[in-house]
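K.L.:
next comes the sequence, and after it the predicted model I'd like to discuss.
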Amino acid sequence: MSLHEEIKSSLKDAMKARDAVKLRTVRSMITAFTNELVANGKTPQDWLENEATLAVIKRLTKQRKESITQYEANNRPELAEPEKEELAVLESYLPQMMSQAEIMPIAQAKKAELGIDDKSKMGMLVGAVMKDLAGKADGGDVKVVVESLF
C-alpha cells in the first residue's frame with residue numbers, strides 16, 4: 001500500500017474517531033495530492049508515488065511552520081494553535097529526520113572527501129551532504145552542522 005493510499009484510508013479512521021484536527025489535515029493533504037496529480041497531467045483518480053507524496057507533505061509542513069511563525073510574530077496565538085495541531089498530524093506521516101549528532105560524522109566525511117578547508121566553499125559542502133542524505137535530514141540542521149565544522 002502506497003503512502004497516498006494509506007493517507008486516503010486514514011480519512012475514514014479520522015471520521016470514525018471524530019478527530020476533527022486529523023480529519024481537517026487529512027482532507028487538506030488529499031486535496032494537495034489531487035492538485036499535484038492534475039498539475040502533472042494525471043487524473044485525480046491516479047495515485048502519487050511515495051516520493052511525490054512525501055514532497056507534498058513536506059511542502060504542507062513548511063507552509064504550516066511559516067504560518068505559525070507569522071501568527072506568533074503578530075501576537076495571534078489563537079491562529080497559531082490550529083496550525084500547530086495540523087503540523088503534528090503532518091509530521092506523523094513523514095519519516096524520522098536525522099539529528100545534528102547523526103549528521104556530524106557524515107558531514108565530516110564529506111568535508112574530507114571533497115577536501116574543503118575554507119569557509120568560502122561551505123555552500124558546496126552543504127549541497128553535497130544534502131544530496132547524500134536525500135530527505136533524511138532537515139536542511140537547516142545540515143547547515144548548522146556544516147557551519148560548526150569551520
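P.N.:
Sure, I can see it. Numbers count the residues shown, from 1 in each chain.
K.L.:
CA atoms for contacts and neighbours, from now on please.
P.N.:
Fine.
K.L.:
show me which residues of stretch 111-120 are buried.
P.N.:
Buried residues in stretch 111-120, counting neighbours by 16 or more other C-alpha atoms under 10 Å, are found at residue 111.
K.L.:
again, but for stretch 30-50
P.N.:
Buried, per 16+ other C-alpha under 10 Å, within stretch 30-50: 30, 32-34, 36-37, 47-48.
K.L.:
most widely separated two among those residues?
P.N.:
For these, the maximum inter-member distance is 12.3 Å, found between 32 and 47 (C-alpha to C-alpha).
K.L.:
give me the subset of the buried residues of stretch 30-50 lying in helices.
P.N.:
The helices, defined by DSSP state H, take in 30, 32-34, 36-37 from these.
K.L.:
next, format those as CSV and append distance to residue 142 and pLDDT.
P.N.:
As requested, those are exported to CSV (distance: C-alpha to C-alpha, whole Å; pLDDT from 0 to 100):
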residue, distance to residue 142, pLDDT
30, 30, 93
32, 28, 93
33, 28, 92
34, 32, 92
36, 28, 92
37, 31, 91
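K.L.:
chain center to stretch 103-113, what's the gap?
P.N.:
Chain-centre distance of stretch 103-113: 23 Å, with C-alpha atoms, centre = their mean, to the nearest Å.
K.L.:
oh, that last question was meant for stretch 16-35, not what I typed.
P.N.:
17 Å.
K.L.:
could you do stretch 141-150 as well?
P.N.:
Taking mean C-alpha positions (C-alpha atoms, centre = their mean), stretch 141-150 and its chain are 20 Å apart.
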